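*Asks:* Coordinates only, no sequence provided:
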């Protein structure tokens, strides 16, 4: 029988990670009181959902819970969250999908940790209802686009850096969101990879470009294409950047520290020059820690190497699990979701080998901010081998999303049969909110959501219907864990 209040230790199942990843801790005892109490709720938004503009609903590339509006009574919890989709349905290339932000009403009735939901109610704990959809625009109020910015750059102007552009529009592939108390928000993207600040009503206020080592370069100049050309467009030359972020591997994770002083953004995997040109060597990614005291002018304060987990695929080949989202616990520690790709509901592969949440600790890591490794011509980890002068962050396993027993209590599974109860491929959104229990002041609900890639059988976007391949009809899903995060509210 499993302990109802088990610690984050994952035992033998993670021995492979410990063996392959030098900075991976052997035990979670070093986490310092963090506890995973397990899965306590599941919910769905149907794949057929349309948003306010009549287009197929896109789900969770990023998520931010409205903690101020979160309430609890005898019936359960109520509140809302913001769910950020990415660039639209793009299985066969990008489209002129207008970037947007969805507001979701939440009613949540958790089960006790370790308990089984009532029969027939396994996935009814989270009732999620689309309440509103808001378009994101550029600083002039003009439409933005999800189109791949093939050879398109908007010149720097004023405080604005050079920005990705397609067909004369600001090109965005949104991946993470931080909502500020005044309603404005930071949104990170793949293309730049940039951090954008938007007003509460969705227009662009400012933009922050990362260090030169992360900016994609082709033929000696910034080029933000991701090799996902839109209708009639040619592929970029070369297909991959020479240096900087790899295609579709931008600032995937971003979070504000609980004290509101720092914004942390993490590249999905290593830059090209640091082994990011191969799934087997892209281990050494970067965490950028910005001073957010002036939201209009973020200042890079710290920068660390984060070693992504390594694993063996079904053919015995070494692979790196790229990261998909973070939740900041302080300016020195954060939760990080890392996963494999190509497996899950809606895809030919059915069994995921890695979907896990780690604790990342940078307190003993080398701060490389502003140093030689921030230049594009100074590799930090050529062919994936980290420079010996640099100490990376430490990873400690915390939650195994693929845990068979946990999923089984809620009628879910990882692997065959590859049906609607098999987890989908992309889990990319996380946010935490208090359990509002005076007896458990350090307990939180960790909401985790998938990016369903707009896979639907009756899809409609940009004025045209579409039908996802192989009968894919992937719901937006929420998994909710109860966790103990000591001292989070005091920071």
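*Replies:* Cool, the structure landed. All values reported here derive from a predicted model rather than from experimental measurement.
*Asks:* What are the neighbouring residues in contact with residue 383?
*Replies:* Taking CB atoms under 8 Å, 6 or more residues apart in numbering as the contact definition, residue 383 lies against 275, 281. Bear in mind the C-beta positions are built from the backbone N, C-alpha and C, glycine included.
*Asks:* how close does it sit to residue 196?
*Replies:* 33 Å (CB to CB, to the nearest Å).
*Asks:* Next, count neighbours for residue 74.
*Replies:* 4 (other CB atoms under 10 Å).
*Asks:* Number the residues from 66 up from this point.
*Replies:* Shifting the count to begin at 66 puts that one at residue 139.
*Asks:* Report pLDDT for it.
*Replies:* Per-residue confidence (pLDDT) for residue 139: 94.
*Asks:* ok, now residue 510?
*Replies:* Taking residue 510 on its own, its pLDDT is 98.
*Asks:* Just grab the bridge partners of it for me.
*Replies:* residue 498, residue 547 (DSSP bridges).
*Asks:* hang on, isn't it packed against residue 175?
*Replies:* Yes: between residue 510 and residue 175 there is a contact at 7.2 Å, judged by CB atoms under 8 Å.
*Asks:* Identify the contacts common to the two.
*Replies:* 105, 106, 142, 545, 547.
*Asks:* Most neighbours among those, which one is it?
*Replies:* Busiest of the shared contacts of residue 510 and residue 175 [other CB under 10 Å] is residue 105, holding 27 neighbours.
*Asks:* mind listing what that one touches?
*Replies:* 175, 176, 177, 178, 190, 510, 545, 546, 547.
*Asks:* Pretty sure it sits in a strand.
*Replies:* Yes: counting by DSSP: H, G, I helix; E, B strand; the rest coil, residue 105 is located in a strand.
*Asks:* How many neighbouring residues does the nearest residue to it once chain neighbours are set aside have?
*Replies:* Among residues not flanking residue 105 along the chain, residue 175 sits closest, at 4.0 Å (CB to CB, 6 or more residues apart in numbering). Other residues near residue 175 number 19, with proximity taken as other CB under 10 Å.
*Asks:* For residue 200, list each beta-bridge partner.
*Replies:* Assigned bridge partners for residue 200, using DSSP bridges, are residue 165.
*Asks:* Hmm, residue 150 and it touching each other?
*Replies:* No: in this structure residue 200 lies outside contact range of residue 150 using CB under 8 Å: 11.7 Å.
*Asks:* And these two? Which one has more around it.
*Replies:* Using other CB under 10 Å, the more surrounded residue of residue 200 and residue 150 is residue 150, with 28 against 15.
*Asks:* Surely that one touches residue 123?
*Replies:* Yes: the pair residue 150 and residue 123 qualifies as a contact (CB under 8 Å) at a distance of 2.7 Å.
*Asks:* anything in contact with each of these two?
*Replies:* 165, 167, 516, 519.
*Asks:* Quick one: residues contacting the residue nearest to residue 105.
*Replies:* 105, 106, 141, 142, 190, 510, 545, 547.
*Asks:* Next one: the second one from residue 139, what distance?
*Replies:* What it means is residue 106. Taking CB to CB, one finds residue 106 at 17 Å from residue 139.
*Asks:* Which of the three states applies to the nearest residue to residue 209 once chain neighbours are set aside?
*Replies:* In this structure, residue 209 finds its nearest non-sequential neighbour in residue 235, 4.3 Å apart by CB to CB, 6+ apart. State at residue 235, reduced to three classes by three-state DSSP: strand.
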